[in-house]
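Colleague: pasting the sequence and the predicted model now:
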Amino acid sequence: MRTATRGAALIGAMTAVTVLTGQSAGATPAGPGVTARTLSERTVGSTDYTLREITVPPGQSTGWHYHDGPLYGVVRQGTLSHFDSSCAPDGVYRAGAPIQELAGPGNVHLGRNLGDVPVVLDVMYALPHGSPFSEDAPNPGCAFQ
């Protein structure tokens, strides 16, 4: 519940309803062991707000993807290396750092764990009602996945 409360503060007065589901992070293809756990969900108007805990094991990635709405998050553990579709790093986020990802197919990206401890993220999705958490995207031609 502590994680849900922390994440709910990212969007204000969101009600923390804990729903635990073990599922993949939903990108193409996520590395072995990448998981997502839904902590809280609420729909307000035409927007679905979902707080999820994403875990990326050492040496793995989220896979190439984009989102239909913005994401706001915090790195709880480890270091996330973030890459855009030009294959260039567009951020290195350590524990405690905030992360924001813009929406749309023009914002294809990949998160990688190049460290030796799991990366754990608390992520708030603000998506159009009924949208998937992520939209799969092919590797844009980078030498890594």
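Modeller: Yep, that arrived. Only a predicted model underlies this, so the values are computations on that prediction, with no experimental measurement involved.
Colleague: switch to C-alpha atoms for all contacts and neighbour counts from now on
Modeller: OK.
Colleague: where are the low-confidence patches of the chain?
Modeller: Scanning the chain for pLDDT under 70 picks out 1-28.
Colleague: tell me the centre residue of it?
Modeller: Centroid-nearest residue in the chain, with Cα atoms, centre = their mean: Val123, separated by 5.4 Å.
Colleague: now it: closest residue in space that isn't a chain neighbour?
Modeller: Spatial nearest neighbour of Val123, excluding adjacent residues (Cα to Cα, 6 or more residues apart in numbering): Gly73 at 4.1 Å.
Colleague: could I get the full set of strands for this structure?
Modeller: Using DSSP state E, the strands of the chain run over 22-23, 35-44, 47-56, 65-66, 71-77, 79-84, 89-94, 98-101, 109-112, 119-128, 135-136.
Colleague: other residues contacting the fourth one?
Modeller: Contacting residues not belonging to strand 65-66 are listed as 27-28, 103-105, 107-110, 134-138 [Cα atoms under 8 Å, 6 or more residues apart in numbering].
Colleague: next one: the residue located most distally from the centre of the chain from Pro128, what distance?
Modeller: Ranked by distance from the centre of the chain (Cα atoms, centre = their mean), the top residue is Gly45, with 22.5 Å. Distance from Gly45 to Pro128, counting by Cα to Cα, to the nearest Å: 9 Å.
Colleague: same check on Pro57?
Modeller: 29 Å.
Colleague: tally of neighbours for the residue nearest to Val123?
Modeller: Using other Cα atoms under 10 Å, Gly73 is surrounded by 21 other residues.
Colleague: hmm, it is touching Leu102, no?
Modeller: No: here Gly73 does not reach Leu102: they are 11.9 Å apart, not a contact under Cα atoms under 8 Å.
Colleague: about what we covered before: so Pro57 and Pro128 - more neighbours on which side?
Modeller: Between Pro57 and Pro128, Pro57 has the larger neighbour count (other Cα under 10 Å), namely 23 against 16.
Colleague: which residues touch the nearest residue to the more buried one once chain neighbours are set aside?
Modeller: Using Cα to Cα, 6+ apart and skipping the chain neighbours, the partner closest in space to Pro57 is Pro118 (4.4 Å). Going by Cα under 8 Å, 6+ apart, Pro118 touches 55-58, 77-78.
Colleague: now, of those, which are buried?
Modeller: 55-58, 77-78 (16 or more other Cα atoms under 10 Å).
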